[in-house]
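Trainee: My questions are about this predicted structure, shown below with the sequence.
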Amino acid sequence: MIFLKKDPARDFIILNLSDPQLQNEDWENGKSDVLAATVKVLVESVRPDLVTVSGDLAQAGHLDSYAKLADLLSSTGVPWAPIFGNHDEMNGEGPVRDAVEVMAMRPGFTFEEGPEQLGIGNYVILVKEGDRPVHAVFLVDTHDMKPWVNEKGETSKAYSDLSEEQIKWYRDTVDELKREGVPESTLIMHIPAYNYNEAIAAAIKPGVDPYSVDPAEGKQTGCWAEGYEDSFGVMRDISSYPADNGFFDTVLEGDHTKTFIAGHNHASNFSIEYRGVRFVFSLKAGPGWDWDENSNGGTVIKINSAGRATVAHRYVNPNTLNLRRN
């Protein structure tokens with residue numbers, strides 16, 4: 001477990017960046033300039049105490065890109081804590097361990113591999129105000145792909161989810177945090193939990209096509225069902241594992257994690273409180289891979305002295321950035 005201190009005079013602020021996903025050549029063709037300028041604007045405006053990165057840091061095997069992303073994050077002077085995504089893990093654990101070795105040489109790198117049987121990067125950051133714990137942040141490895149058998153008995157590959165061993169680790173860790181008096185936790189993942197599908201289905205008003213809402217509108221009115229009026233953002237895709245693995249039931253039983261942050265989908269950025277847990281897709285940072293410039297930016301989690309978390313998006317218009325190459 002990693003410990004970070006909260007200033008009693010202000011909220012503890014986490015800036016989550018998702019899916020930078022640049023390849024080696026993108027650090028020479030101008031795409032990295034957009035990412036770097038976006039990160040600079042976000043850090044200067046948000047003043048975070050911690051930067052988290054919710055997966056797809058680069059592309060498996062592109063070690064130069066991991067190194068340069070680490071240099072960029074280190075240049076902020078803020079501790080930064082990554083997890084890995086399916087594009088990081090698509091060639092197995094070897095390239096991921098190589099990336100960890102490269103990034104670990106940079107200042108501010110805040111990371112634990114966690115139990116070996118769970119993957120690479122299952123760990124907890126505990127935020128303390130003085131000697132009093134106020135909030136825990138779970139960072140979990142959602143892996144790459146795994147088999148899926150459909151109703152016809154046909155087997156294919158689907159995006160993965162948490163394993164039974166990870167769910168047990170989460171349950172045991174929540175029990176430990178509750179014994180230590182930690183009031184609440186946030187969980188950051190790359191591939192969203194299946195229950196993101198349930199959250200959007202419950203929150204959208206009947207007859208409204210969620211694909212019809214423009215990301216540039218930010219917080220919308222008129223599309224949310226009764227009881228979900230504090231929702232915001234848009235849905236473009238979910239891309240979870242196609243079945244519920246029971247993890248959300250464990251979360252509800254534990255009554256501790258109140259916020260999910262996921263990456264993976266690039267253009268989806270909704271935030272919906274569903275059954276007492278806020279389901280959030282983080283904004284994507286920069287133009288790596290598939291990108292909607294209207295959803296460029298980062299997601300801000302503020303934790304108060306009571307340990308309660310609130311979430312908001314911070315959009316950065318790429319057309320207003322001061323790029324080095326201009």
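Mentor: Received it, and whenever you're ready, just let me know what you need.

Trainee: any chance you could map the strands in the protein?
Mentor: Using DSSP state E, the strands assigned to the chain run over residues 2-5, 12-17, 50-54, 80-83, 123-129, 132-139, 145-149, 155-159, 185-188, 257-262, 271-274, 277-281, 297-303, 309-315.

Trainee: Let me have these in a markdown table, extended by mean neighbour count.
Mentor: Bear in mind the C-beta positions are built from the backbone N, C-alpha and C, glycine included. Putting these into a markdown table (neighbours: other C-beta atoms under 10 Å) gives the following:
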| stretch | mean neighbour count |
| --- | --- |
| strand 2-5 | 14 |
| strand 12-17 | 26 |
| strand 50-54 | 26 |
| strand 80-83 | 26 |
| strand 123-129 | 20 |
| strand 132-139 | 23 |
| strand 145-149 | 13 |
| strand 155-159 | 14 |
| strand 185-188 | 26 |
| strand 257-262 | 24 |
| strand 271-274 | 21 |
| strand 277-281 | 26 |
| strand 297-303 | 24 |
| strand 309-315 | 17 |
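
Trainee: how near is the closest residue to residue 285 other than its chain neighbours to residue 39?
Mentor: With C-beta to C-beta, 6 or more residues apart in numbering as the criterion, residue 285 has its nearest non-adjacent residue at 4.1 Å, and that residue is residue 17. Residue 17 sits 7 Å away from residue 39, going by C-beta to C-beta, to the nearest Å.

Trainee: quick one: common contacting residues for those two?
Mentor: Here residue 17 and residue 39 share the contacting residues residue 285, scored by C-beta atoms under 8 Å, 6 or more residues apart in numbering.

Trainee: which stretches of this protein aren't confidently modelled?
Mentor: 210-221, 324-326 (pLDDT under 70).

Trainee: Report the central residue of it.
Mentor: residue 54 (3.4 Å; C-alpha atoms, centre = their mean).

Trainee: Can you tell me the closest non-neighbouring residue to that residue?
Mentor: Per C-beta to C-beta, 6+ apart, closest to residue 54 is residue 263, 3.8 Å.

Trainee: got it, and residue 274?
Mentor: Looking at residue 274 with C-beta to C-beta, 6+ apart, the closest residue is residue 199, at 3.8 Å.

Trainee: Equivalent analysis for residue 42, please.
Mentor: Residue nearest to residue 42 in three dimensions, not counting chain neighbours: residue 298, with 4.6 Å by C-beta to C-beta, 6+ apart.

Trainee: quick one, which of the strands of the chain is nearest to residue 226?
Mentor: Nearest of the strands of the chain to residue 226, taken as C-beta to C-beta: strand 271-274 at 13.3 Å.

Trainee: Report how many residues lie close to the closest residue to residue 109 other than its chain neighbours.
Mentor: The shortest distance from residue 109 to any non-neighbouring residue, by C-beta to C-beta, 6+ apart, is to residue 103 (5.4 Å). With neighbours defined by other C-beta atoms under 10 Å, the count for residue 103 comes to 22.

Trainee: ok, residue 103 touching residue 65?
Mentor: No. When contacts are counted by C-beta atoms under 8 Å, residue 103 is not listed as touching residue 65 (10.9 Å).

Trainee: my guess is the residue nearest to residue 42 meets residue 283, correct?
Mentor: Yes. Shown here, residue 298 and residue 283 form a contact pair, counting by C-beta under 8 Å, at 5.7 Å.

Trainee: so what sits against both of those two?
Mentor: 18, 313, 314.

Trainee: For the second one, give the beta-bridge partners.
Mentor: Yep, that's residue 313 we're talking about. Beta-bridge partners for residue 313, by DSSP bridges, are residue 299.

Trainee: and the gap between it and residue 48?
Mentor: Relative to residue 48, residue 313 is positioned 14 Å away (criterion: C-beta to C-beta).

Trainee: The last one too?
Mentor: If you measure residue 314 against residue 48 using C-beta to C-beta, the figure is 10 Å.

Trainee: Now the common contact residues for these two.
Mentor: With C-beta under 8 Å, 6+ apart as the test, residue 314 and residue 48 both reach 15, 300.
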